[in-house]
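Novice: my questions are about this predicted structure, shown below with the sequence.
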Amino acid sequence: MLRVRKLLAGITLLGLGVTAVVTAVVTAAGPAQAAPDRKYGPAVEIADADSEADAINDAGLVVGMASGFDFVPHAFTWQAGVRTDIGSGWIPRAVADTGHIAGDVVGTDGKPTRAVLWVDGAFTDLGTLGGPNSHVMAMNDRDQVVGYSDLPDGRIGAFLWQNGTMTALANPYGGNSAARDINARGEIVGWALDQAGATGGVRWRGGAVTFLGATVIQDAAAINDRGDIVGNTYVGADLHARLWRHGQVTDLGSMGYKGPNGDSYTRADDLTDDGLVAGDSYGADGIRHAFVWNAGRYTDLGQGLVVGITATGTVAGNAAEFPRVGLVWQPLT
């Protein structure tokens, strides 16, 4: 494979190599090898009102943000019922199994928002791709952090930060892009504008940029360590969650209900290595419900919006309606 490195406005590009535009057949969910079924207890509130959970690691450590009376974000961790304040002025966005956290220091008074890595109380500014702002979306246990940054020309671009350096992830077509997740092997997914100017799901792997197809997966949300991808795409007015596995794409369907405007909405947010998909969809009450999908079967966790799932099936998320509050759904043993 020919590896090409170019400079765009002084930015080193990573991953500009063989580019594939994938045309895939989308099938409905059918019988598959299922992970063990799990039954869940009721949602546990992890903070007071006006809080949100943002991520969870496999140890069940949740990171999130609460809004105080001063309207300044206050970062916290939560684990096994214990909540710990870890400073104000920033929002945790990702947490590794090592306990390292990546997030955004929120700009105020005209200052930019900057992506940071937090380790044992110390911050590292991850920089930008030449514009003023940068934002974290995910990280892995190797402290590889991905997200998006402003570019000098006003566009936004996906980045990978590792070993002290932020590098742009290539989009051969030059449009906006953002990285949404990274697995243990350093494979990255997100979205980018394709050659037709349409938003499509993208995978960056080993120097190759793969476009999953704007009509197949518009936004690739998560990738597990096996390389399976979940994402979302609109079909007309309806949002569909989809699973990409070994080049085959499965539409996850829905829990069978419509929202207040008559539209169907099923969103995948995360997945485990054994195939559990967590997300949210409308329930019979017209409010979004958190779910766990397992080989074609839905488990309704009740009202809520999902932000992540652990290897053992614990789900983190937030209340579906205001006031917002962080929630955890734990499997029953």
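Specialist: Looks like it came in fine.

Novice: and stretch 278-288, end to end?
Specialist: With CA to CA, to the nearest Å applied, stretch 278-288 spans 13 Å between its terminal residues.

Novice: use 43 as the first number from now on
Specialist: With 43 as the first residue, the last one maps to stretch 320-330.

Novice: now that stretch: mean pLDDT?
Specialist: What stretch 320-330 shows for mean pLDDT is 97.

Novice: what does it contact?
Specialist: 272, 283, 296-297, 299-302, 306-313, 331-335, 340, 342, 345-348, 350-351, 357, 359, 362-363 (CB atoms under 8 Å, 6 or more residues apart in numbering). Every residue, glycine included, has its C-beta placed from N, CA and C.

Novice: burial count for the nearest residue to Ala234 once chain neighbours are set aside?
Specialist: Leaving aside its chain neighbours, Ala234 sits nearest to Ser219 (3.6 Å; criterion: CB to CB, 6 or more residues apart in numbering). When neighbours are counted by other CB atoms under 10 Å, Ser219 registers 25.

Novice: so of the contacts of stretch 320-330, which ones are in strands?
Specialist: Counting by DSSP state E, the part of these found in strands is 272, 283, 308-313, 331-335, 340, 342, 345, 347-348, 350-351, 357, 359.

Novice: filter those to the buried ones?
Specialist: Buried subset of these (neighbour count, 16 or more other CB atoms under 10 Å): 272, 283, 308-313, 331-335, 340, 345, 347-348, 350-351, 357, 359.

Novice: so where's the chain shaky on pLDDT?
Specialist: Applying pLDDT under 70 to the chain flags the ranges 43-67, 71-75, 111.

Novice: the helices in the stretch 93-242 of the chain, which residues?
Specialist: Ranges of helices in the stretch 93-242 of the chain, per DSSP state H, counting those that start in this stretch: none exist.

Novice: could you check how far the closest residue to Met179 other than its chain neighbours is from Gly199?
Specialist: Nearest residue to Met179 in three dimensions, chain neighbours excluded: Gly189, at 4.3 Å (CB to CB, 6+ apart). Separation of Gly189 from Gly199 (CB to CB, to the nearest Å): 10 Å.

Novice: then Ala240?
Specialist: In terms of CB to CB, Ala240 sits 17 Å off from Gly199.

Novice: show me which of the two is the more surrounded one.
Specialist: Remark: of Ala240 and Gly199, Gly199 carries more neighbours, 29 against 14, as counted by other CB under 10 Å.

Novice: for that one, what are its contacts?
Specialist: Neighbours of Gly199 in contact, by CB under 8 Å, 6+ apart: Ile53, Leu171, Tyr190, Ser191, Leu193, Ala210, Leu211, Asn213, Asn218, Ser219, Ala220.

Novice: wait, the fifth one touches Ser176, no?
Specialist: No - Leu193 lies out of contact with Ser176 (CB atoms under 8 Å); the separation is 10.5 Å.

Novice: quick one: which of these two has more around it?
Specialist: Taking other CB under 10 Å, Leu193 and Ser176 do not tie; Ser176 has more neighbours (27 against 20).

Novice: give me the beta-bridge partners of the more buried one?
Specialist: Ser191 (DSSP bridges).

Novice: that one against Gly149, yeah?
Specialist: No - counting by CB under 8 Å, Ser176 stays clear of Gly149, with 10.6 Å between them.

Novice: quickly list what's touching both of these two.
Specialist: With CB under 8 Å, 6+ apart as the test, Ser176 and Gly149 both reach Thr155, Arg156.
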